[in-house]
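> predicted model follows, preceded by the sequence.
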Amino acid sequence: MFSPGQEEHCGPTKEPVKYGELVVLGYNGSLPSGDRGRRRSRFALYKRAKANGVKPSTVHILNNPQASKAVNCKGQHSISYTLSRNQTVVVEYSHDKDTDMFQIGRSTESPIDFVVTDTVSGGGDSEDTPITQSTISRFACRVVCERNPPYTARIYAAGFDSSKNIFLGEKAAKWKNPDGQMDGLTTNGVLVMHPRGGFTEESKPGVWREISVCGDVYTLRETRSAQTRGKLVDSESNVLQDGSLVDLCGATLLWRTAEGLFHTPTQKHLEALRQELNAARPQCPVGLNTLAFPSMQRCSRAAPSVALQEDKQPWAYLACGHVHGYHDWGHRSEREPNAQRECPMCRAVGPYVPLWLGCEPAFYVDTGAPTHAFVPCGHVCSEKSARYWSEIPLPHGTHAFHAACPFCATQLNFTQGCSKLIFQGPVD
């Protein structure tokens with residue numbers, strides 16, 4: 001979030017106008033090492049005290065590098081399209097008093113508002129698990145919001161660097177549109193998927209598209225970094241909707257509008273559901289000890305692979321959903337002790353994992369009770385939220401897609417993305 005000085009205060013009682021929030025998939029309420037400054041798991045976009053948006057103005061066709069340098073040094077925002085060693089098209093951008101611009105990328109330089117690093121599958125931190133070579137662009141994309149109602153937010157590939165420039169080199173995919181305007185794609189691209197039916201219980205996955213530097217919508221390239229663009233999709237736009245997903249090739253962001261967030265469960269509501277679950281005193285059907293879900297704070301910081309063998313920690317056999325306390329028998333594999341375990345209740349064989357509540361409210365499509373767990377990580381949320389994310393194909397690598405748990409980015413089981421949990425009540 002911005003400091004109060006960057007928010008617009010219209011009076012002592014009025015809240016600053018909030019455009020929406022970007023939430024990184026794969027984190028359960030915060031980064032494992034904690035949210036710090038511009039590096040965090042979610043980022044709120046507020047109306048700025050002063051507009052900082054830009055819009056295209058003058059176009060220069062230059063035939064030598066020196067002329068290009070002179071235009072770029074004028075202190076204005078510009079996009080340079082290098083057509084050949086001897087020809088560059090530079091599009092200057094002028095101030096737009098009606099929009100606010102927010103930039104997202106891997107760079108920690110000042111033009112970036114929201115610093116995003118590669119998401120580590122399984123809920124780990126990329127600071128602790130070094131990525132050999134990040135595929136996220138340093139200046140990945142920009143979101144431009146209209147300062148007047150309905151505060152429409154649009155997404156564009158690439159962000160302006162510290163010199164206020166975007167450079168598309170000779171090897172980058174670029175072209176001249178029929179109207180004479182230049183456009184292009186970034187190396188690994190910015191992909192967007194708008195869900196059909198908004199972000200609700202009835203929503204269905206949309207189609208993944210690629211967004212150009214100027215905000216046009218294209219079908220996907222053959223591979224992520226191919227030099228040939230896809231086909232223009234005239235019927236779709238770069239306007240972000242509640243529930244839109246933005247993939248930066250290494251991290252996927254969820255866009256939630258201010259109105260959409262108003263209908264999501266609050267942290268207080270999720271805590272009340274946790275207490276309600278624990279108040280029912282679920283028991284381990286074998287050990288007969290009472291089970292209890294850990295506090296929301298502990299759930300948000302725990303990696304799902306951490307096998308806390310405490311008396312009260314709930315564990316589940318995900319093939320059938322029976323909830324137990326931890327016990328150390330029923331192994332079917334010595335190599336992966338908890339990957340193949342036999343449930344003592346029904347003899348079903350499958351993963352046996354600790355259960356963690358999903359603490360990031362933005363990932364919930366409803367306010368239902370936490371009844372289902374993702375397979376194989378064990379994060380627990382409402383049935384409709386679990387089924388929704390089980391059906392969403394998320395980009396993985398350069399050309400693969402698969403469903404993943406939104407709370408830890410673990411790839412979901414292809415045949416069974418989530419499992420209904422079966423709790424045993426107290427016998428007394």
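Looks like it came in fine.
> so what's the residue nearest to the spatial centre of the chain up against?
The chain has Leu253 as the residue nearest its centroid, 2.3 Å off, counting by C-alpha atoms, centre = their mean. Residues in contact with Leu253 (C-beta atoms under 8 Å, 6 or more residues apart in numbering) are Leu22, Val23, Val24, Leu25, Ile104, Val116, Leu245, Val246, Asp247. Where you see a C-beta, it was placed from the backbone N, CA and C, and this is true even at glycine.
> model confidence for the fifth one, exactly?
I take that to be Ile104. In this model, Ile104 is scored at 98, pLDDT.
> try the one 5 residues further on
According to the per-residue confidence, Glu109 scores 94 in pLDDT.
> quick one on the thing from earlier: quick one: which of the contacts of Leu253 is nearest to Arg224?
Out of these, the one with the shortest distance to Arg224 is Asp247. That distance is 9.7 Å, counting by C-beta to C-beta.
> neighbours of that closest one, how many?
When neighbours are defined as other C-beta atoms under 10 Å, Asp247 has 22 of them.
> same deal with Ala272?
Using other C-beta under 10 Å, Ala272 has 12 other residues around it.
> scan the contacts of Leu253 and report the most crowded one.
Using other C-beta under 10 Å as the neighbour definition, those reach their maximum at Val116, which records 29 neighbours.
> now do the helices in the protein.
Taking DSSP state H to define them, one finds helices in the chain at 65-72, 258-262, 267-279, 296-301, 383-390.
> list the contacts of the closest residue to Thr266 other than its chain neighbours.
Closest residue to Thr266 in three dimensions, ignoring its sequence neighbours and counting by C-beta to C-beta, 6 or more residues apart in numbering: Pro361, at 6.3 Å. For Pro361, the contact set (C-beta under 8 Å, 6+ apart) comprises Thr264, Pro265, Thr266, Gln267, His269, Leu270.
> of those, select the buried ones using a PyMOL command.
Filtering those down to the buried ones (16 or more other C-beta atoms under 10 Å) takes a single PyMOL command:
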select buried, resi 264+265+270
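> is it possible to get JSON lines of the contacts of Pro361 that adds pLDDT and distance to Val217?
As requested, the contacts of Pro361 are exported to JSON lines (pLDDT from 0 to 100; distance: C-beta to C-beta, whole Å):
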{"residue": "Thr264", "pLDDT": "93", "distance to Val217": "27"}
{"residue": "Pro265", "pLDDT": "94", "distance to Val217": "32"}
{"residue": "Thr266", "pLDDT": "93", "distance to Val217": "34"}
{"residue": "Gln267", "pLDDT": "92", "distance to Val217": "35"}
{"residue": "His269", "pLDDT": "95", "distance to Val217": "36"}
{"residue": "Leu270", "pLDDT": "95", "distance to Val217": "35"}
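> closest one of the contacts of Pro361 to His77?
Using C-beta to C-beta, the contacts of Pro361 come closest to His77 at Thr264, 34.9 Å.
> against Tyr364, how distant is that closest one?
Noted for Thr264: a distance of 6 Å to Tyr364, by C-beta to C-beta, to the nearest Å.
> could you do Lys204 as well?
17 Å.
> tell me which of those two has more neighbours.
For Lys204 against Tyr364, the residue with the higher neighbour count under other C-beta under 10 Å is Tyr364, and the figures read 24 against 10.
> list the residues that contact that one.
Each residue near Tyr364 by C-beta under 8 Å, 6+ apart is listed here: Thr264, Pro265, Gly358, Cys381, Ser382, Ser385.
> same deal with Glu259?
Asp242.
> about what we covered before: now, the contacts of Tyr364 that are in strands?
Cys381, Ser382 (DSSP state E).
> quick one: the strands in the stretch 101-250 of the chain, in order.
Remark: strands of the stretch 101-250 of the chain, listed N- to C-terminal, are 114-115, 141-146, 153-157, 165-168, 174-176, 182-184, 190-193, 209-211, 217-218, 245-247; assignment by DSSP state E, counting those that start in this stretch.
> could these go into JSON lines alongside distance to Trp389 and mean pLDDT?
Supplementary listing: the strands of the stretch 101-250 of the chain in JSON lines, determined by distance: least, C-beta to C-beta, whole Å; pLDDT from 0 to 100:
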{"stretch": "strand 114-115", "distance to Trp389": "22", "mean pLDDT": "96"}
{"stretch": "strand 141-146", "distance to Trp389": "23", "mean pLDDT": "98"}
{"stretch": "strand 153-157", "distance to Trp389": "21", "mean pLDDT": "98"}
{"stretch": "strand 165-168", "distance to Trp389": "33", "mean pLDDT": "94"}
{"stretch": "strand 174-176", "distance to Trp389": "35", "mean pLDDT": "94"}
{"stretch": "strand 182-184", "distance to Trp389": "33", "mean pLDDT": "97"}
{"stretch": "strand 190-193", "distance to Trp389": "13", "mean pLDDT": "98"}
{"stretch": "strand 209-211", "distance to Trp389": "20", "mean pLDDT": "98"}
{"stretch": "strand 217-218", "distance to Trp389": "24", "mean pLDDT": "98"}
{"stretch": "strand 245-247", "distance to Trp389": "11", "mean pLDDT": "98"}
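> mind putting those into CSV with distance to Thr410?
CSV is the format used below for those (distance: least, C-beta to C-beta, whole Å):
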stretch, distance to Thr410
strand 114-115, 23
strand 141-146, 25
strand 153-157, 27
strand 165-168, 35
strand 174-176, 37
strand 182-184, 35
strand 190-193, 20
strand 209-211, 26
strand 217-218, 30
strand 245-247, 17
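> tell me which of those sits nearest to Leu291.
Comparison of the strands of the stretch 101-250 of the chain against Leu291 by C-beta to C-beta identifies strand 245-247 as nearest, at 34.3 Å.
> quick one: the closest one to chain centroid distance?
In terms of C-alpha atoms, centre = their mean, to the nearest Å, the gap separating the centre of strand 245-247 from the centre of its chain is 6 Å.
> right, and the strands of the stretch 101-250 of the chain - which one's nearest His60?
Closest approach to His60 among those (C-beta to C-beta): strand 182-184, 11.0 Å.
> quick check: Leu22 touching Thr252?
No. Leu22 sits out of contact with Thr252 when judged by C-beta atoms under 8 Å, with a separation of 10.5 Å.
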